[in-house]
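# model the structure of this input:
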Amino acid sequence: MIVRHAPAGSAIARAMHPEVAAWANGEVNAQLLALIGDMLAEGNWQRAGRKNAPHPKPIDRPGAENGSRSFGKDPIPISQFDDWWESN
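I've put the predicted structure just below:
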């Protein structure tokens, strides 16, 4: 009986019904808001009537690759900076 009345965000409910728990915990909200924003931007772009206007860019989704690149992961030491700066 306790299991049947457990809150949707509880560990037992997440294990038994993960799709319901995702909605109850708000995990889906970010995706839905991004989708709504994308659709509004696309609709406004269509209604603007400008043929040469670029399509709106979609909102970045968490965990999705957005095409940005990073160069290195750590800063270079000050002692090496001058050599790096002069070489570029």
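# contacting residues around W45?
Counting by Cβ atoms under 8 Å, 6 or more residues apart in numbering, W45 touches 53, 55-56. C-beta: built from backbone N, CA, C; applies to glycine.
# which one of the residues you listed has the most neighbours?
The most crowded member of the contacts of W45, judged by other Cβ atoms under 10 Å, is P56 (15 neighbours).
# how about the nearest residue to that residue, chain neighbours excluded?
Closest residue to P56 apart from its sequence neighbours, by Cβ to Cβ, 6 or more residues apart in numbering: A41 at 3.8 Å.
# what's the lowest-mean-pLDDT helix or strand in the chain in contact with?
The weakest-scoring helix or strand in the chain, judged by mean pLDDT, DSSP states H and E, is helix 18-25 (a mean of 77). With Cβ under 8 Å, 6+ apart as the test, helix 18-25 has contacts from 7-9, 13-14, 28.
# which among the residues you listed end up buried?
13-14 (16 or more other Cβ atoms under 10 Å).
# from the contacts of helix 18-25, which land in helices?
13-14 (DSSP state H).
# could I get the contacts of helix 18-25 in a markdown table, plus columns for distance to G72 and pLDDT?
Below are the contacts of helix 18-25 laid out as a markdown table (distance: Cβ to Cβ, whole Å; pLDDT from 0 to 100):
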| residue | distance to G72 | pLDDT |
| --- | --- | --- |
| P7 | 45 | 79 |
| A8 | 44 | 72 |
| G9 | 40 | 73 |
| A13 | 44 | 79 |
| R14 | 39 | 79 |
| V28 | 35 | 81 |
